[in-house]
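Novice: take a look and give me a structure for this.
(6 chains)
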Amino acid sequence: MKFGVLVQEGPYHHESSDSAYQFVKAAMEKGHEIVGVFFYHDGVINSTKLTDPQQDDRHIQKRWSEVAENGVDLVVCVAAAKRRGINDDVLAPGFRISGLGQLTEMAIKADRFVTFGA
Amino acid sequence: MKFGVLVQEGPYHHESSDSAYQFVKAAMEKGHEIVGVFFYHDGVINSTKLTDPQQDDRHIQKRWSEVAENGVDLVVCVAAAKRRGINDDVLAPGFRISGLGQLTEMAIKADRFVTFGA
Amino acid sequence: MLHLVNKSPYYASSLDSCTKFAKKGAPILLIEDGVYGAMAGTSFESKMADIVKDFEVYALKADLMVRGIDKVAPGVKEVDYAGFVELVEQHTTTTWS
Amino acid sequence: MLHLVNKSPYYASSLDSCTKFAKKGAPILLIEDGVYGAMAGTSFESKMADIVKDFEVYALKADLMVRGIDKVAPGVKEVDYAGFVELVEQHTTTTWS
Amino acid sequence: MSDLTKIMIMMRKAPYGTIYSFEGLESVLIMGAYEQDISLIFVDDGVYSIKKGMDTTQLGIKNFSPTFRVLEGYDIEKLYIDRESMESRGLTLDDFVVEPEVLDKEEITKLMEEQDAIFPF
Amino acid sequence: MSDLTKIMIMMRKAPYGTIYSFEGLESVLIMGAYEQDISLIFVDDGVYSIKKGMDTTQLGIKNFSPTFRVLEGYDIEKLYIDRESMESRGLTLDDFVVEPEVLDKEEITKLMEEQDAIFPF
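Specialist: Okay, the predicted model is just below:
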């Protein structure tokens, strides 16, 4: 099936981006297609390449960039991003900044949409 | 009196940085000394100069930078900042990144400490 | 001690925790979404009526205004940011979120 | 429809809202801090006993483990992420946070 | 027309305290342009989002009440509100900047079950 | 010694769902070095922070239980827990990685009133 995913919270601060990542990984392992992951609200903070967590913790941004390498579209809401100081200068590999229309298009394409947050 | 302030939430996402700003402004107008504002957890996101809100909304980062121009120490927790992609490259004027010892020192210096968040 | 509460009582248990631990007679200042607990004419008003018997309850005027709340429940006092500062002058402070 | 709940029932009213609007018999999956509602031997267990009568309640195994919860209340089923995906295959999904 | 995607935006969070409802509103305005079957429902503290009389000048925060008022022009004509959430908060239809249809919880359950996707804000 | 600053860290939030208690713990470890009068109390969902048996390997999240265990070595010897928060969640002292002193709410009220500053996490 085709799954869409919405991430509403920032990394480390809130578990929802971990949950979304684990869900996406499990869905892909079962052969589902991820039509996209949309990062909204504080979720946009997942996309900064300046993220520098402790050595003994997971690297949430890199996890997402690896998901993108497997062909998943990672879309960061431009309006939410601008308010929070995220722009192309700090955007990590695999993410792209775009408008809310992308969320609508994902919802139209997907058979299922799962929201993580808020 | 000497006041210390703790901000635990990100700008726009949560009202607590607005509340902290209004409180600091009102306290200074009454002649109190602000020994420092400590930005912790998602509060560190207040400090990025890449913040670019809508034209018809307030500019939270610039508000804080103006507070700093009036002699207030704005301290961003380094551990919380690194996890969230905040470093000296994106730090707005008036903020400085430092350790949690600064929070303790503010607590020792201040007659009152007020927490905004979580 | 002054107690700040910033969550809606319909959503979170923050105000319950506050009233559990606050000293009888202590000031409680409702800010941000906490001011929804101060609105008049709601299902929460009877609970607020009990709270104002045990505590001095304040609601931050700016937060009432931004939410379009023009009438507060009996016994709740409105304060502006200057009044907020005065409460902090008089008391050490903690926050329930 | 599958309902995700990610907040502790001691803190937020999310699970109450979920059970108010979910169709009787619908699956509810507790994730993140939502799994505290599934823990055995708590003051919430009697409320969970009522919820499992009306709904199929699941708790996400990984979130139980990370919190050190080794026993869930009667009637609550544990699922792993593969089971989470299967529930989503079977149902459209919404989240109560 | 039965192949339109049915999308429900469910506003559950109070405005201003957190930004979910305001940013959620931005998404609704965009979705309106896609000619799908979009509905917007207010439940729990989300009912406060459409309260009349918001005065944001003192805090200098953007007032998003006017944006809700333009929803009807954006092809979002299905506006609903949960009766119990509204009444328990002491609100009536006169208190709102828009006029949603008041639904009982059973009607909301039915409406939710018909959706292809629900976005909670 | 009466001019020591009395600082209380109050952990109220559940761990992992949000980071408050973990980052709060980082601040406690630093405060211990300043030789002030520091106390750490667990109330509400904060009592879950010191639960035994956390296994974070599957999620790959840093496990902060071991950090709580070292608190005693950091000059933070005043550990307290709210009896009602603990008992209502079905927990006993055997469930925790540290051994806090169990207080009734009246004792907590009194302790709070003695503080110069309280940081809630």
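
Novice: how about the longest helix along chain E against chain A, any contact?
Specialist: Longest helix of chain E, by residue count under DSSP state H: helix E:20-31. Yes - residues of helix E:20-31 are located near chain A by C-beta under 8 Å from any C-beta of the partner chain, namely E:Tyr20, E:Glu23, E:Glu26, E:Ser27, E:Ile30, E:Met31. For glycine as for every other residue, the C-beta is placed from the backbone atoms N, C-alpha and C.

Novice: how many neighbours does the first one have?
Specialist: What it means is E:Tyr20. 25 (other C-beta atoms under 10 Å in any protein chain shown).

Novice: isn't it right up against E:Phe121?
Specialist: Yes - E:Tyr20 is within contact range of E:Phe121, at 4.4 Å (criterion: C-beta atoms under 8 Å).

Novice: need the overlap of contacts for those two.
Specialist: Counting by C-beta atoms under 8 Å, 6 or more residues apart in numbering or on different chains, the contacts common to E:Tyr20 and E:Phe121 are A:Ala118, E:Met11, E:Arg12, E:Lys13.

Novice: give me every residue in chain A lying close to chain B.
Specialist: A:10-13, A:41-42, A:45, A:48-54, A:61, A:79, A:82-87, A:89-90.

Novice: give me the subset of those residues lying in helices.
Specialist: A:Gln61, A:Ala79, A:Lys82, A:Arg83.

Novice: phi and psi next, for the closest residue to C:Leu4 other than its chain neighbours.
Specialist: Among residues not flanking C:Leu4 along the chain, C:Thr95 sits closest, at 4.3 Å (C-beta to C-beta, 6 or more residues apart in numbering or on different chains). Main-chain dihedrals, C:Thr95, degrees, to the nearest 10: phi -130, psi 140.

Novice: hmm, C:Thr95 is touching F:Pro120, no?
Specialist: Yes - the criterion here is C-beta under 8 Å, and C:Thr95 meets it with F:Pro120 at 5.4 Å.

Novice: would you mark the buried spots in the helix or strand of chain E with the lowest mean pLDDT?
Specialist: Of all helical and strand segments in chain E, the minimum by mean pLDDT, DSSP states H and E falls on helix E:65-69, at a mean of 87. By neighbour count on 16 or more other C-beta atoms under 10 Å in any protein chain shown, the buried set for helix E:65-69 is E:Ser65, E:Thr67, E:Phe68.

Novice: so which of these is the closest to chain C?
Specialist: Among the buried residues of helix E:65-69, E:Ser65 lies closest to chain C (C-beta to the nearest C-beta), at 7.9 Å.

Novice: quick one, what contacts that closest one?
Specialist: E:Ser65 is in contact with C:Gly68, E:Ile50, E:Lys51, E:Lys52, E:Met54, E:Val97, counting by C-beta under 8 Å, 6+ apart.

Novice: same question for E:Glu72.
Specialist: Residues near E:Glu72 by C-beta under 8 Å, 6+ apart: E:Val98.

Novice: ok, now with 6 Å
Specialist: Residues near E:Glu72 by C-beta atoms under 6 Å, 6 or more residues apart in numbering or on different chains: none.

Novice: and the gap between it and E:Val28?
Specialist: Going from E:Glu72 to E:Val28 by C-beta to C-beta, to the nearest Å gives 12 Å.

Novice: do the longest helix of chain E and chain D meet?
Specialist: No - against chain D, helix E:20-31 shows no contacts by C-beta under 6 Å from any C-beta of the partner chain, the least distance being 9.1 Å.

Novice: can you pull out the strands in the chain?
Specialist: Picked chain A for this. For chain A, applying DSSP state E gives strands covering A:2-7, A:33-39, A:74-77, A:95-98, A:112-116.

Novice: switch to chain E, please.
Specialist: Under DSSP E, chain E gives strands at E:6-11, E:37-42, E:78-82, E:101-103, E:117-120.

Novice: residues of chain E that sit close to chain C?
Specialist: Proximity of chain E to chain C is confined to E:14, E:16-17, E:45, E:51-56, E:58-59, E:88-90 under the rule C-beta under 6 Å from any C-beta.

Novice: report the beta-bridge partners for the residue of chain E found nearest chain D.
Specialist: Per C-beta to the nearest C-beta, E:Ile118 is where chain E lies closest to chain D, at 4.0 Å. Under DSSP bridges, the beta-bridge partners of E:Ile118 are E:Met8.

Novice: contact partners for it?
Specialist: Counting by C-beta under 6 Å, 6+ apart, E:Ile118 has contacts D:Thr94, E:Met8, E:Met10.

Novice: verify the stated contact: the last one with E:Ser39.
Specialist: It refers to E:Met10. No - judged on C-beta atoms under 6 Å, E:Met10 makes no contact with E:Ser39 at a distance of 9.1 Å.

Novice: ranking by neighbours, what's the top pick from the contacts of E:Ile118?
Specialist: Most surrounded of the contacts of E:Ile118: other C-beta under 10 Å gives E:Met10, at 27 neighbours.

Novice: and the residue lying closest to it once chain neighbours are set aside, what does it touch?
Specialist: Among residues not flanking E:Met10 along the chain, E:Pro120 sits closest, at 4.8 Å (C-beta to C-beta, 6+ apart). Neighbour list for E:Pro120: A:Thr115, D:Thr95, E:Met10, E:Arg12 [criterion: C-beta under 6 Å, 6+ apart].

Novice: filter the residues you listed to the buried ones?
Specialist: A:Thr115, D:Thr95, E:Met10, E:Arg12.

Novice: number of residues surrounding the residue of chain C found nearest chain A?
Specialist: Proximity of chain C to chain A (C-beta to the nearest C-beta) peaks at C:Tyr11, 11.5 Å away. Residues lying near C:Tyr11 (other C-beta under 10 Å) number 21.

Novice: next one: the one 10 residues further on
Specialist: When counting by other C-beta under 10 Å, one arrives at 23 neighbours for C:Phe21.

Novice: can you check the one 10 residues further on too?
Specialist: C:Ile31: 27 surrounding residues under other C-beta under 10 Å.

Novice: contacts for stretch E:25-38, please.
Specialist: A:79, A:100-101, A:104, E:4-7, E:9, E:40, E:67, E:74-76.

Novice: who wins on neighbours among these?
Specialist: Ranked by neighbours (other C-beta under 10 Å), these are led by E:Leu40, which has 29 neighbours.

Novice: can you list the residues of chain A near chain F?
Specialist: So chain A meets chain F at A:Tyr12, A:His13, A:His14, A:Glu15, A:Asp18, A:Asp56, A:Asp57, A:Arg58 (C-beta under 6 Å from any C-beta).

Novice: just give me the least confident of those.
Specialist: Within the set of the residues of chain A next to chain F, pLDDT is lowest for A:Asp56 (92).

Novice: still on that earlier bit, tabulate the residues of helix E:20-31 next to chain A in TSV, adding columns for pLDDT.
Specialist: Below are the residues of helix E:20-31 next to chain A laid out as TSV (pLDDT from 0 to 100):
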residue	pLDDT
E:Tyr20	96
E:Glu23	94
E:Glu26	92
E:Ser27	92
E:Ile30	91
E:Met31	91
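
Novice: now tabulate these in a markdown table and tack on distance to D:Cys18.
Specialist: Formatted as a markdown table, the residues of helix E:20-31 next to chain A follow (distance: C-beta to C-beta, whole Å):
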| residue | distance to D:Cys18 |
| --- | --- |
| E:Tyr20 | 17 |
| E:Glu23 | 22 |
| E:Glu26 | 26 |
| E:Ser27 | 22 |
| E:Ile30 | 27 |
| E:Met31 | 24 |
